[in-house]
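Engineer: kindly generate the corresponding structure for this input.
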Amino acid sequence: MKCPLCSINLQCSHIRTHKPKNARNGAQPNKGRCLNRNQIKQSYASATPPLPSILSHPMPSIPVIKGPDADAAYAAAQKVVETHQHLSKWIRPGMTLAQIDAEVARFLESINCRSCFYGYKVPKSPPFPSHACLSVNDCVVHGTAGYRREPLKQGDLLKVDIGVWHGRPNAWIGDAAWTYAIGEPTPAARRLMECGKESLARGVRELRPGNTYLAWARAVQNHVEKECGFFCVRGLGGHGIGRALHTPPYVANVVPTYNGEWPEASKACTPGTLIAVEPMIAVGTGDTYHNSLGRLDDWPVFTKDGSLSVHYEHDILITENGPRNLTEGLETIRDVIE
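Structural biologist: Numbering: from 1, shown residues only. You can find the predicted model right below:
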């Protein structure tokens, strides 16, 4: 689907907004607001509705969980952590993404889970063909097992994003990503990795009652761009999860630059909200590109300048007492693969 205003392709399931060409220099959102993914689905279902009716479509409510559901969500999230722990010990230089993806599938089956990424669909895209998102170096997110055939080598940065269904009959989803260095990272790569982990930690601390989601984005962006000199990737962000992979709210990693760019920014952090928050950071630019030809290799999203990138993601349950990290344990995983 293309933005009706500036013809940019909107395909990726994480992509919520981008800044249209005519939204620059202070243009109002009713002249430059692009479609979010829920509105994209609506437009596919009803041909091409007039833009005003799309803009007036009410924002979906944010699911709230508590009690036994919170325990079930924690159990699913911990299966993701367990998978990362296994992969951090199993992966070796010289392996291919196809080999790693096959091991993800095998290991998930061994712990009574299944991938919630495999076969995932968004409009005008083929089903996602892999059990994990495996993204190397300039590939920020959504790398598939087949997009790169070259074996992993010294100096590569591998982003591993795992999503699982766990529990029956009412399965819950866990979804978390971590970045691994293949061999000892260069000082610059290590600094990028530490920036990603620290920005995630700082942002999570802001996800508490009394704050809005804007506090998360401000904490992440300030650390990444002002303190570290890197770039938050634009147009990609976190999301609600639970019994579906993507639910409201959308959680951007950058402060909005014009009215209406990110409506949820001013929403309060409400106890019972379960979200997957995920800074995506690049060395040289926040801009990305990806193919949009309806082929399997359209999924990967790359930094526009080819610079290195990292991706870190936690599942966070907002409680009365503050953020509860359901994917606790990822921080202690060995992230240098030797």
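Engineer: can you pull out the helices in the stretch 51-200 of the chain?
Structural biologist: Counting by DSSP state H, counting those that start in this stretch, one finds helices in the stretch 51-200 of the chain at the ranges 51-55, 68-90, 97-110, 187-205.
Engineer: can you put the ones you listed in TSV and add distance to Leu214 and mean neighbour count?
Structural biologist: Glycine gets a C-beta too; all of them are placed from N, C-alpha and C. Formatted as TSV, the helices of the stretch 51-200 of the chain follow (distance: least, CB to CB, whole Å; neighbours: other CB atoms under 10 Å):
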stretch	distance to Leu214	mean neighbour count
helix 51-55	21	13
helix 68-90	25	19
helix 97-110	35	18
helix 187-205	11	19
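Engineer: which stretch in the ones you listed is the model least sure about?
Structural biologist: Note on the helices of the stretch 51-200 of the chain: helix 51-55 shows the lowest mean pLDDT, a mean of 27.
Engineer: hmm, back to that, okay, the helices of the stretch 51-200 of the chain in JSON lines with distance to Gly167 next?
Structural biologist: Converted to JSON lines, the helices of the stretch 51-200 of the chain look like this (distance: least, CB to CB, whole Å):
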{"stretch": "helix 51-55", "distance to Gly167": "36"}
{"stretch": "helix 68-90", "distance to Gly167": "6"}
{"stretch": "helix 97-110", "distance to Gly167": "13"}
{"stretch": "helix 187-205", "distance to Gly167": "24"}
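Engineer: so for His142, which of these sits nearest?
Structural biologist: Nearest of the helices of the stretch 51-200 of the chain to His142, taken as CB to CB: helix 97-110 at 12.3 Å.
Engineer: quick one: that closest one to helix 68-90, angle?
Structural biologist: 140 degrees (axes from the mean of the first three to the mean of the last three CA atoms, to 10 degrees).
Engineer: other SSEs contacting helix 97-110?
Structural biologist: Helices and strands touching helix 97-110, by 3 or more CB pairs under 8 Å, 6 or more residues apart in numbering; DSSP states H and E, are helix 68-90, strand 113-115, strand 133-136, strand 157-166.
Engineer: all the helices of the stretch 201-338 of the chain, residue numbers only.
Structural biologist: 213-221.
Engineer: quick check: which ranges of it have low pLDDT?
Structural biologist: 292-297 (pLDDT under 70).
Engineer: doesn't Asp298 make contact with His290?
Structural biologist: Yes. With contacts counted by CB atoms under 8 Å, His290 reaches Asp298, the gap being 6.4 Å.
Engineer: hang on, the earlier thing: could the helices and strands packed on helix 97-110 go into TSV alongside distance to Lys267?
Structural biologist: Shown next, in TSV, are the helices and strands packed on helix 97-110 (distance: least, CB to CB, whole Å):
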stretch	distance to Lys267
helix 68-90	20
strand 113-115	30
strand 133-136	27
strand 157-166	24
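Engineer: those: which one's closest to Gly174?
Structural biologist: So among the helices and strands packed on helix 97-110, helix 68-90 is nearest, using CB to CB, at 3.8 Å.
Engineer: how far does that closest one sit from its chain's centre?
Structural biologist: Chain-centre distance of helix 68-90: 17 Å, with CA atoms, centre = their mean, to the nearest Å.
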